[in-house]
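**Student:** Sequence first, then the predicted structure, then my questions.
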Amino acid sequence: FIIIRYILSDIFLINFIKKIKKIGIKIVLEFPTFPYEKEISNNNILDIDKYFREELRNIVDLSVTYNNVGKIFGIPNIFIGNGIDVKAKKILKYKPLNINSINIIGVANVSKWHGYDRVISGISDYISKTNKRNINFWIIGNGDEVSNLNNLAFNLKVEENIKFFGFKEGEELEKIYSEADIGIGPLSRKRIEMNGGSALKNREYCAIGLPFIFAGYDPDFDQFKYSYKIEDDETPVNIMKVLEFLKKIKNEKEQYIFNMRKYAEDNLEWSKKIKEIINKLYSI
């Protein structure tokens, strides 16, 4: 069998799958996002996809999604949590909590569904209630939403607390991670009509030992001790509650980092996830 990461249907994809099917190979389509229409701005490309994807039900054996949906285009579906290469992620060293300077980090190709505006609004609320400016939000990455977030920070008068780093990777990103206290996963998936999901960034935070915040449902972290789950709505992030969560986690000192890494190794490695796909594929 082969697994193909779905990048929309066209004549080339359909012909490719048909040729593979003729030689007796099973086909698995992985949908990183579903539904995905809200993420596509080019209507011509979407129209081509809608026309050709009607053939998928007759030639694809199994679909894989990271949010809980039924069949996709008539194809049997399995819902699993995303997998990562844990060994490729460098584990963090313990960083004691400095209550005078809390660093929140968000790493993404910044889009509206990441909900970083909820963090910025939350910081504004926190400052207005406490008169403290000890919270920093570091946004790593480019994207369509960056300019809107920049304007929001300026309008709320928290621009000194929000820093835009642009795209970073490798040692540069690792250095920023080493100074962060907590990560931000997707906070507003409902904006693109997704109920829950399985964000790779949540898994990366777990693998390196960085506590994180996310919204909605994630199959691997629904009851996870080192993640702070909030509602997927339009309310600002409650920074006071985030600080309470962080203080509790940091009381474990280095142990929470080792526990997060062990959980990632036991549950998030692709070798674990692929077994679920194989079992489903050969039970159909």
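**Tutor:** Thanks, I have the structure now.
**Student:** Which parts of the stretch 151-284 of the chain are strands?
**Tutor:** Applying DSSP state E, counting those that start in this stretch to the stretch 151-284 of the chain gives strands spanning 162-166, 182-184, 212-215, 227-230.
**Student:** got the CA coordinates for the first one in PDB?
**Tutor:** Read that as strand 162-166. Coordinates of the C-alpha atoms in strand 162-166 are reproduced here as PDB (Å, rounded to 0.1, in the frame of the first residue of the first chain):
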ATOM      1  CA  ILE A 162       4.100  41.400  21.100                       C
ATOM      2  CA  LYS A 163       7.200  40.500  19.100                       C
ATOM      3  CA  PHE A 164       7.100  39.300  15.500                       C
ATOM      4  CA  PHE A 165      10.200  37.200  14.600                       C
ATOM      5  CA  GLY A 166       9.300  36.200  11.100                       C
END
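**Student:** Which SSE is immediately downstream of the longest helix along the chain?
**Tutor:** With residue count as the measure and DSSP state H as the assignment, the chain has helix 116-130 as its longest helix. Where DSSP states H and E defines the elements, the next helix or strand beyond helix 116-130 is strand 135-140.
**Student:** strands paired with that following strand, and their directions?
**Tutor:** When pairing is defined by DSSP bridges, strand 135-140 lines up against strand 102-107 (parallel), strand 162-166 (parallel).
**Student:** Between helix 116-130 and it, find me the angle.
**Tutor:** 170 degrees (axes from the mean of the first three to the mean of the last three CA atoms, to 10 degrees).
**Student:** And strand 135-140, how far out from the chain middle?
**Tutor:** In terms of CA atoms, centre = their mean, to the nearest Å, the centre of strand 135-140 is found 17 Å from the chain centre.
**Student:** CA atoms only for it, dumped as PDB, please.
**Tutor:** Extracted as PDB, the C-alpha positions of strand 135-140 are listed here (Å, rounded to 0.1, in the frame of the first residue of the first chain):
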ATOM      1  CA  ILE A 135       3.800  39.000  29.600                       C
ATOM      2  CA  ASN A 136       5.400  38.600  26.200                       C
ATOM      3  CA  PHE A 137       4.000  36.900  23.200                       C
ATOM      4  CA  TRP A 138       6.500  35.900  20.600                       C
ATOM      5  CA  ILE A 139       5.100  35.100  17.100                       C
ATOM      6  CA  ILE A 140       7.400  33.000  14.900                       C
END
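**Student:** same question for it, mean pLDDT?
**Tutor:** Here strand 135-140 scores 98 as its mean pLDDT.
**Student:** contacts for it?
**Tutor:** If you take CB atoms under 8 Å, 6 or more residues apart in numbering as the criterion, strand 135-140 is touched by 101-108, 110, 116, 119-120, 123, 126-127, 146, 149, 161-168, 173, 176, 180, 184, 239. In this view, the C-beta of every residue, glycine as well, is placed from N, C-alpha and C.
**Student:** In this structure residue 239 contacts residue 122, no?
**Tutor:** Yes. With contact defined as CB atoms under 8 Å, residue 239 reaches residue 122; the gap is 5.0 Å.
**Student:** if we can go back for a sec, and residue 86, which of the strands paired with strand 135-140 is closest to it?
**Tutor:** Residue 86 lies closest to strand 102-107 among the strands paired with strand 135-140, at 16.9 Å (CB to CB).
**Student:** contacting residues around the spatially most central residue of the chain?
**Tutor:** Nearest to the mean C-alpha position of the chain, by CA atoms, centre = their mean, lies residue 199 at 2.4 Å. Going by CB under 8 Å, 6+ apart, residue 199 touches 82, 185-186, 214, 218.
**Student:** Next one: it from residue 267, what distance?
**Tutor:** From residue 199 across to residue 267, the span is 15 Å (CB to CB, to the nearest Å).
**Student:** same thing with residue 197?
**Tutor:** Per CB to CB, residue 197 is found 17 Å from residue 267.
**Student:** These two: which is more packed in?
**Tutor:** Remark: of residue 197 and residue 267, residue 197 carries more neighbours, 28 against 17, as counted by other CB atoms under 10 Å.
**Student:** Before we move on, what's the pLDDT of the more buried one?
**Tutor:** Confidence at residue 197, expressed as pLDDT, is 75.
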